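Undergrad: no sequence on this one, just coordinates:
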């Protein structure tokens, strides 16, 4: 029997190649031999400052880009989190068995608290419980995540165990599935992870070939190969991208030139930009076509929410029965 997968997609306004290599590519592969649920987690997105007027467009764009990148509504259940009210209902019930001390030690809460000192709210504090509810609501057993989310999966496992011990066996064991893709660093500052919040650091999946070339040509490298000096972080990042987007023989040719000290970074950048543009062109064109078919996109999301809710209702009926709620 196929394992059930759950993962969340934040409506952040754009999806860059770091998101694609680290998450979406894996989701696309999983949907062919697993039962997959992918949610656009708009409730999670409102735990930090945001523009309510921009949120509908961001949510639509997130659906469009992820579908263009390969998520298929005929193979996966794709839906908007707030369209399935059982997410927050289960989160409230799980709040009652989750220690506050455990939440206060979550790394992501500490980081976001430093970023948004004036806007630390209860939602941000309880974010991991809603994330646990997202997963447990569908009794998912496999959750594809990055290393920064492993702590949240461990908390989800602990919450499930606590519920099962207290109220009876209900939720299955959850396992994280880490992406094998390398962490893609910011083009403008290779000491930091690629992020839409860092100008010039990223390439969006929908960027034009001209924009891609501009970003790559401006990317940070180093002064060139030097004997007994480790490869600079910037050029290492470009080689990492070349491994992902260029043919193996192209990567090997430039890597040999680097080792021999004959490499020209301008040529490497030009080739890499062309290879990334070639790889992303089908995604960009598919996104453009989907954006012209909003009825299809919204119908797919509604159908996904209907399917998700049918499972969510069954889970909640079982949870309430076990907790003595009538």
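TA: Great, that's in hand. Just so it is clear, the model here is predicted, and its values are computed rather than measured. Numbers count the residues shown, from 1 in each chain.
Undergrad: Show me which helix runs longest in this protein.
TA: Among the segments of the chain that qualify as a helix by DSSP state H, the longest is helix 294-323.
Undergrad: and that helix, average pLDDT?
TA: Taken as a whole, helix 294-323 has a mean pLDDT of 98.
Undergrad: where along the stretch 1-150 of the chain do the helices fall?
TA: Assigned by DSSP state H, counting those that start in this stretch, the stretch 1-150 of the chain shows helices spanning 17-19, 25-30, 42-45, 55-68, 86-95, 100-104, 107-115, 122-136, 150-167.
Undergrad: is it possible to export these to a markdown table including mean neighbour count and mean pLDDT?
TA: Where you see a C-beta, it was placed from the backbone N, CA and C, and this is true even at glycine. Below are these laid out as a markdown table (neighbours: other CB atoms under 10 Å; pLDDT from 0 to 100):
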| stretch | mean neighbour count | mean pLDDT |
| --- | --- | --- |
| helix 17-19 | 24 | 93 |
| helix 25-30 | 18 | 94 |
| helix 42-45 | 21 | 95 |
| helix 55-68 | 20 | 96 |
| helix 86-95 | 18 | 98 |
| helix 100-104 | 11 | 86 |
| helix 107-115 | 13 | 69 |
| helix 122-136 | 22 | 93 |
| helix 150-167 | 17 | 95 |
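Undergrad: Ok, which of those comes nearest residue 270?
TA: helix 17-19 (17.4 Å; CB to CB).
Undergrad: and that closest one, how far out from the chain's middle?
TA: 8 Å (CA atoms, centre = their mean, to the nearest Å).
Undergrad: same check, this time on stretch 132-144
TA: Distance of stretch 132-144 from the chain centroid (CA atoms, centre = their mean) equals 15 Å.
Undergrad: Residue 186 and residue 165: what is the separation?
TA: 44 Å (CB to CB, to the nearest Å).
Undergrad: Kindly report the same for residue 299.
TA: Separation of residue 299 from residue 165 (CB to CB): 42 Å.
Undergrad: For the helices of the stretch 1-150 of the chain, give me JSON lines that also has distance to residue 5.
TA: Shown next, in JSON lines, are the helices of the stretch 1-150 of the chain (distance: least, CB to CB, whole Å):
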{"stretch": "helix 17-19", "distance to residue 5": "17"}
{"stretch": "helix 25-30", "distance to residue 5": "5"}
{"stretch": "helix 42-45", "distance to residue 5": "18"}
{"stretch": "helix 55-68", "distance to residue 5": "14"}
{"stretch": "helix 86-95", "distance to residue 5": "17"}
{"stretch": "helix 100-104", "distance to residue 5": "25"}
{"stretch": "helix 107-115", "distance to residue 5": "21"}
{"stretch": "helix 122-136", "distance to residue 5": "10"}
{"stretch": "helix 150-167", "distance to residue 5": "13"}
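Undergrad: tell me the domain boundaries of the protein?
TA: 4-183+294-323, 209-287 (automatic domain parsing).
Undergrad: what would the ones you listed look like in TSV with distance to residue 193?
TA: TSV is the format used below for those (distance: least, CB to CB, whole Å):
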stretch	distance to residue 193
domain 4-183+294-323	6
domain 209-287	11
